[in-house]
Each structure stands twice: as structure tokens, then as C-alpha cells.
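*Asks:* Would you be able to build a 3D model of this:
(2 chains, ligands or ions: 2)
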Amino acid sequence: MTSALEFTGVEKRYGELAVLDGFELSVPRGEKLAIIGPSGSGKSTVLRIAMALEGIQRGRVELLGETLWDGAKRPPEKTLRRLRLHAGMVFQHFNLFPHMSALENVCCAPVDVLGVPRAQAQARGRELLEQVGLADKADSAPEQLSGGQKQRVAIARALAMEPAVMLFDEVTSALDPEMVGEVLNVLRDLAARSDMTMLLVTHEMQFAGEIADRIVFMDGGRVVEQGPPEQLLSQPSEPRTQAFLRSVLQPGRQAPAQD
Amino acid sequence: MNFDWGYALETLPGLLSGLVITLQATVLGMLVALTLGLLLAVLRHAGGRWIGGAARHFIEFVRSTPLLIQLYFLFYVLPGLGVTLSPLVTGVLALGVHYAAYCAEVYRAGINSVPRGQWEAAASLGYPAGARWRRIILPQAIPPVIPALGNYLIAMFKDTPLLSAITVMEVLQVAKIAGAESFRYLEPLTLVGVMFLVLSLTASRLVRRLEARYGRQARPA
Ligand SMILES: Nc1ncnc2c1ncn2[C@@H]1O[C@H](COP(=O)(O)OP(=O)(O)O)[C@@H](O)[C@H]1O
Ligand SMILES: [Mg+2]
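*Replies:* Numbering: from 1, shown residues only, chains lettered A, B, ... in the order given. Ligands and ions are numbered 1, 2, ... in the order given. Here you go, the predicted model:
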């Protein structure tokens, strides 16, 4: 079977700055993959390229066996849009639609994009809100929700489109500490019960260790080391991985700036 | 020179029918300005190099030439091109297009104030361009600029007397004719001034209400 995501020799530059440089990553379908690494190492960029929000300069990216990016060539908007339907993304800063209630946030895209009848989309939206523990917040405006609640609505919103691949970009980094747990619980539950492919960029090492099938450590726009959680987290072989893990795991020391 | 109340009363019915024309021109011009302005703003943003560039140049061109010249141009040149429009329609068109250029800039500010994350969230949910604008971007971009649009519409209302230059029988034109017939300008012109004053003040108050409602809207993350 083809893999869910396939990055081959990907180069991504912003002007002079090479953000990804010969980046290689292959994600089998159904895998729960955690991506860790210092700030600025290109983790978000990987997800944004997979979500078709950013193009690349060189190399190739395939999503579910279809070519998404092939060098600097930009596929027609129609192709991008079709491929985007395979993937869903949850952002660090939620990006909920402020002019819609929680429920509308969740059911708007199925209605507007897929043409699902509104009543049916709303029923499904309520189920999803219940799944993330927010059944009672359906009619709340985003501004009335806490950060953790907003992020759970954002997860439900992405799930409503039933993507095959879900991309989570540091979804707990903008949250107050007491709200991190509720969002991680939703993700744990999701990872356990769904066969979606999940890519999670995270600074929560313990969480990554619990739910991931594999952890990838990135630095300087490349994969430096990867492996099963128990190996990568406890016996990393690369000095850079060791240094990074020391800096995040050691008590009393600050995690690298999260952005 | 005394204010002749009897004469003022005599001219009043004519002036009021002129005022009806003025208001018609304002409302129709407003509709043109609000819709064409929105179209220009969206094209400018989404139209790419050629269409977007054309929209930008058009906006710039219209904003840098006087409305009176645009009026004369449409009034005297269009018939030569085989397009015959009534003076009122010509006037509405000129007012509408002129203020569309200003409204486009106002809309643009609103569009630019929508955070990038909103575009990305919409794109990641698979929204096609049209629906992205309609459902996600414009509903956030427009409410905060409604007061600014209102102010331009008041400015347009106060520019309607220019239509007298192309023989539209709006309120100032009526006043000038009444004055020319009786050699008394004080009364009709005073009445016209008062009408504009009252209507503009009322409209300004309305805009301030809109400001209270939309202008200070919180912009959530
Ligand atoms: N739109 C952009 N323009 C210029 N530089 C960018 C842009 N987006 C990201 N970068 C740069 O690319 C590098 C990698 O960014 P990112 O993928 O966000 O890293 P990470 O998520 O690992 O912190 C950073 O140095 C960042 O400053
Ligand atoms: Mg990042």
C-alpha cells in the first residue's frame, strides 16, 4: 500500500534561508508520528507543505500516493484543493472562525465545501463536539471559550471533514498549563480509536512517547534521528538529539522557546 | 436684505421634489459604490498580476481625478460613443464609480485586517476561493469598516449638488432656477443649506451608532 505522506529530497527556502534541505520522510498510512526538534528547525514548515499551504523549491511530496508538490511547479488550484480534502490541520493558535458559533465552526466546511445537508452536518457536528467534551458549548462564540476549549473545537472542526491525514502543529503550546491536559486527552483518545494517519509536532515529550509509533527529531531542516519512542527518548544516538532532549527533559531547565 | 418667509414657503414644494432626486441619486450611487467598491477590492486582492493590477490602477486613476471632470466626461463623451443615458443615470454612475474607488480602499483595509490564520484555516478545510471570501473572509472584513463606509456615503451625499452641472434637477439646480426667475437667491439657497445640514447631521449620528456597534468589535485570535 502507498504511504500517507512521502517527502523526497525536499528543499524549501524563504529567500536565502533554507528551511528544509534535503528533507526525507515517509509516513505509512495509519501511523501516529511525533515530530520534535528545536524552534526554527522546520517542523511547522513540514506540516504546512503537507497541508498545501506552502510550496517547495525542489524535491517531491506525495500525499496518499498522489503528487502534491513536484519541484517548484505549482499544481493547478483545483488539484491543490482536491488534495487538501485528504488532510486536515490543527493550528497552534486555533484559528477558529470568530463570526461563527462553536457548532458552526465544526459544520461549516462540510456544508460549504462538501455540500452536506445542513441538518446532517449539524448532527455530526454535535457528535464531534461531544467527542471532544464540548457538547454544552455548541452555541458559544469562540471568544467565550477558554484556550483549551477553542483548541478542542478546532480539532472537531478538522475531524468533521474526515481527512485521512491529520496534522497537529504544537496544538498545546499556546495554552495555559492547566488546559494542556484536556487537549492531550482528546488527542490520546483520537490516536487510540482512529486509523487516521496523525503527524504531531509537539514539545510534550512524555505525551509523544505515549501515543507515537515513531518519533522524528528534526534540526536544521533535516531529520537527524528517528525511531520508536522508547529508543529515541531514552537512548538517542545523535549528540544533537541528546542535547535537545537534555534541554527539554531536565527539571529546572527551560524548554526551548515555543512558537 | 430680509428673509422673505412667504417666498421661502413658495419655493419649498419645488425644492422638496428636487430633494427627492438628490436622495435618489444618493441611494443609487451608494449601491453602485458599495458593490463596485467591494468587487474592486476583491479583484485587487485576488486578481493576480493582471486583473489585480488593473483594479489597482483603476482605483488610483479615479481617486486622482476630480468628480466634476468625471461627470462632464461621462455626460459629454458617452453620447459620442453611442451611449445615451439620462442625466440622472449619468450622475448616479459617476458618483457611484467615484466613490467605489474610495470604498474599495476601505474594504481593502478590512480585508487586510483579517489574520492570515483565517485564510489558512479556510484553505485547510478545502474552501474554494469564492466560498472562502463569502463565508470566511468578508464576514470578518466588512463589519469593522462599516462606519468608514458610512462616512464616505455622507461625503457622496454632499457631492450630489455637482450633478446640477449636468442638468440633473436635484435640489441645488431647482434652487438656482427659482433664484434666477425671481432674482432672490437667499431663501432657496438657505433652505437647501438647511436640508443638507439636517440630513448630514442625522446621517452622521447614524454612523456614530454604527461605530458603537461595529467599530470597536473585539478581534479574537
Ligand atoms: N513565511 C516565512 N518567511 C520567512 N521565513 C520563514 C517563514 N516561515 C518560516 N520561516 C522560517 O523558517 C524557519 C523554520 O520555521 P518553522 O517551520 O516554523 O520552524 P519550527 O516550527 O520548527 O519552529 C524559521 O527560521 C522561520 O523563521
Ligand atoms: Mg512551529
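
*Asks:* The stretch 151-259 of chain A against chain B: which residues are in contact?
*Replies:* Selection of the stretch 151-259 of chain A residues close to chain B by C-beta under 8 Å from any C-beta of the partner chain yields A:157-158, A:161. From N, CA and C alone the C-beta is placed, and that goes for glycine too.

*Asks:* just the stretch 1-150 of chain A next, same as before
*Replies:* So the stretch 1-150 of chain A meets chain B at A:51-53, A:77, A:81, A:84-85, A:87-89, A:91, A:93-99, A:108-109, A:112-114, A:142-143 (C-beta under 8 Å from any C-beta).

*Asks:* for the chain, what spans make up the helices?
*Replies:* In the absence of a named chain, chain A is used. A:43-50, A:77-84, A:102-114, A:118-131, A:147-160, A:177-193, A:205-211, A:229-234, A:239-249 (DSSP state H).

*Asks:* To clarify, I was referring to chain B.
*Replies:* With DSSP H, the ranges of helices along chain B come out as B:5-46, B:53-63, B:67-77, B:87-112, B:116-124, B:129-131, B:138-141, B:146-159, B:171-182, B:186-210.

*Asks:* is chain A contacted by the fifth one?
*Replies:* Yes: taking C-beta under 8 Å from any C-beta as the criterion, helix B:116-124 and chain A are in contact, through B:117-118, B:120-121, B:123-124.

*Asks:* Going by distance to residue A:39, which of those residues wins?
*Replies:* Lowest distance from residue A:39 to the residues of helix B:116-124 next to chain A (C-beta to C-beta) belongs to residue B:117, with 18.5 Å.

*Asks:* was I right about that closest one contacting residue A:98?
*Replies:* No: using C-beta atoms under 8 Å, residue B:117 makes no contact with residue A:98, being 10.8 Å away.

*Asks:* When these two are compared, which one has more neighbours?
*Replies:* Using other C-beta atoms under 10 Å in any protein chain shown, the more surrounded residue of residue B:117 and residue A:98 is residue A:98, with 19 against 15.

*Asks:* so what pLDDT did the more buried one get?
*Replies:* Looking at residue A:98, its pLDDT reads 97.

*Asks:* Give me the distance between it and residue A:158.
*Replies:* 17 Å (C-beta to C-beta, to the nearest Å).

*Asks:* now do residue B:104
*Replies:* Counting by C-beta to C-beta, the gap from residue B:104 to residue A:158 is 34 Å.

*Asks:* follow-up on the earlier one: could you save the residues of the stretch 151-259 of chain A next to chain B as CSV and add columns showing pLDDT, distance to residue B:168 and neighbour count?
*Replies:* As requested, these are arranged in CSV below (pLDDT from 0 to 100; distance: C-beta to C-beta, whole Å; neighbours: other C-beta atoms under 10 Å in any protein chain shown):
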residue, pLDDT, distance to residue B:168, neighbour count
A:157, 98, 53, 31
A:158, 97, 56, 24
A:161, 97, 54, 20
